[in-house]
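Q: What follows is a predicted structure for the sequence shown.
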Amino acid sequence: MTLVKGLCSRSPALLAIVILTSALVGTPGPAHATGGSATTPESWALVTSEHPDRAHHVKYEPVWDGDDDAVVGRTEQPENITRAFFQLKVSQLAGKRVFEAALALGIRDGSDCGTQIEVWETTAIDPLTTWNRQPQWLRKLSTTTPRMTCPSISPILHIITQAVQDAAARGDEYLTIGLKSADESSPGRRLYRTAPYRGNRGPGLVTQYNTAPDVPSVLAVRSDCYTGPDAGRYVRTAIPVLRATATDPDSSTSGEPLRVRFEWADRSGAKLGEAVTLETQSSSPHCVTVPAGQLAEDGTYTWRARAENLWRTENPDGAGWLEGWDYSAWTPWQPEFTVDTTRPSQPLVSSTDFPEGQAGGRVGVPGRFTLSPNGSQDVAMYVYSFSGGPAGRVQADADGSAVLAFTPKWTWPDKLTVESIDRAGNRSSATSYEFWASPADAR
C-alpha cells in the first residue's frame, strides 16, 4: 500500500492533511519506496482591486493564531476582485523524485463552490505585496473543478505537481502559488481557511515522493557474510564475500525495500564483474560472493557498492503503474585486497631449555621455546597449546619467528602443539613437540 512518510508539521492543522494522500495519488497499489509529507506554508498574502495599494501579508512563523480567510474571486457590492498567494517551503524536497504534489485548502461556509479557481506558479511574495505590486504570474498549473458539496470535511487539492517537481530538481528553497478566479468578470468567490479549523483542518503542501537511498556503509570483505572477522588487506579465499549495509532516508516510518549492487575490478581499474542482492526490508547486511574463476592467487583487487530501491506510482493517465529505480551514489573504490589461499609451512619448534623427547629445565623455573616459520614468508602469528591447557597466541616478529615463555608445573611428559597463521588467516598443519621437566631439586 502507499504510505505517508516524513510528516513535518508546524501546525496542528496538518495532522488531518495526512488523510489526503490517498486522494492525491489515487487508489493505493503495491507501491515501493514512496513517501509523503505535509507542511504548512511559510506565509500567505491577499490582494484586492478595491484597495490596490493595501498590503495583507501574514507569516506563519513562529506562531500564528489568526483566523483570516484567503478570499479568491469577485464580488459585486462592492465591486472587488481578490487573489491569494501562498509561499511554500520546498527545500526539504531537494533531490527527491516528486510524483505528485498539491496545495490543500479547506473551504469556509459561504463560499461559492461553483467558481473555478486557477492555480498558478508565481514569483515570491513579501510584506509589500499589493494589487498594484503583485508577483509575476509565471504559468498556470491546474484549474479546480466545481464541487457539488461545499464546504466539506476534506480540503480541496490544488494540483501543483509540475512546479514542485521543478523546484525540487533545482533545489529551490521556496515556491509561491497564486490562486485567482478562472473568470474574474463573473461574481463568485471562495473563502479559503488559513488556520486550523474543526478537526485540525487547514492549509498544507501535500507531496508524494521517493528519496534515493543512502550511500552504503559498514563495508567489508569477508570469508562469510554473517560469521567470522572482516578480512584485511589479504583474503584467504578466491571467492570472497563483499558486504555492505543499506539504509534509506524514507525508512523512518516504514521499511524500504533495498538492494545493493557491487562491482569489483583489478588494481588497474578494469572491471571484472558485478552482482546485485535481492531486495529486502531487513536491516541485515547485503552480501554477494565473487564467482569462482574471476580472482587469481596473489592478485590484487578493489570494489565498490551502491544502494538501489524500487519506486512505483500510479500512472497519471490511470493506465496501470509507472515504476523505476532510484540509486545512491557509488561508494569510493575500497582499499585493495590480495588473494592468498596458500597455507604456511608446518612450523618448527626448538628449545635449549626443554629439549625435544627428553628431560630439561626444572619445575617452577621459566624456560623458552623458539617458533620458526620453516620457509614461509608471511607468518603473522602462532597458535599454541600445552597439554591440558587453553590455547594461546603469540605474534611473530618481522622474520616470522616468535619466542614462547613457559614455566613447567610437573615432571610428567608434556606436549606443545603449534600452528602458524599467515597474513590472510590461513593455518598450517600442527607441529607437536613433546618434553618433560626435571624435578625442582634436580642438580
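A: In hand now; what should we look at?
Q: Wait, Val235 touches Phe337, no?
A: Yes. Assessed by CB atoms under 8 Å, Val235 is found in contact with Phe337 at 5.3 Å. Placement of C-beta: from N, CA and C, glycine included.
Q: What ranges in this protein fall below the confidence cut-off?
A: 1-39, 61-67, 146-154, 195-202, 251-255, 442-443 (pLDDT under 70).
Q: check contacts around the nearest residue to Pro127 once chain neighbours are set aside.
A: Excluding its sequence neighbours, the residue lying closest to Pro127 (CB to CB, 6 or more residues apart in numbering) is His57, at 4.5 Å. Residues in contact with His57, defined by CB atoms under 8 Å, 6 or more residues apart in numbering, are 43-45, 125-129.
Q: Looking at those residues, point me to the pair that's furthest apart.
A: Trp44 and Leu128 (14.6 Å; CB to CB).
Q: With neighbour numbers in mind, choose between the two.
A: Trp44 (27 against 10; other CB atoms under 10 Å).
Q: Within the helices and strands, which one has the more buried one?
A: Assessed by DSSP states H and E, Trp44 sits inside strand 43-48.
Q: do Gly273 as well
A: Going by DSSP H and E, Gly273 is part of strand 271-276.
Q: pretty sure Ile125 is in contact with Ala45, am I right?
A: Yes. Ile125 is in contact with Ala45 according to CB under 8 Å; the separation is 4.4 Å.
Q: Mutual contacts of the two, please.
A: If you check Ile125 and Ala45 against CB under 8 Å, 6+ apart, the residues they both contact are 57, 85, 87.
Q: Quick check: next helix or strand after the one helix or strand Asp326 maps to?
A: Per DSSP H and E: Asp326 is located in strand 321-327. Downstream of strand 321-327, the next assigned helix or strand under DSSP H and E is strand 337-339.
Q: Give me the sheet partners of the helix or strand following that following strand and which way each runs.
A: Later in the chain than strand 337-339, the nearest helix or strand by DSSP H and E is strand 348-350. Strand 348-350 pairs in its sheet with strand 367-372 (antiparallel), by DSSP bridges.
Q: Tell me which strands the next helix or strand after the partner strand pairs with, and in which orientation.
A: Using DSSP H and E, the helix or strand that follows strand 367-372 in sequence is strand 379-386. Strand 379-386 has the following sheet partners, assigned by DSSP bridges: strand 392-395 (antiparallel), strand 414-422 (antiparallel).
Q: how about Ala424, secondary structure?
A: Secondary structure assignment for Ala424 (DSSP: H, G, I helix; E, B strand; the rest coil): coil.
Q: What count of nearby residues applies to Val365?
A: 12.
Q: List the neighbours of the helix ranked longest in the chain that are in contact with it.
A: For the chain, the helix that runs over the most residues, judged by DSSP state H, is helix 161-170. Helix 161-170 is contacted from outside by 90, 93-96, 98-102, 121, 139, 141, 175, 177, 205, 207, 209, using CB under 8 Å, 6+ apart.
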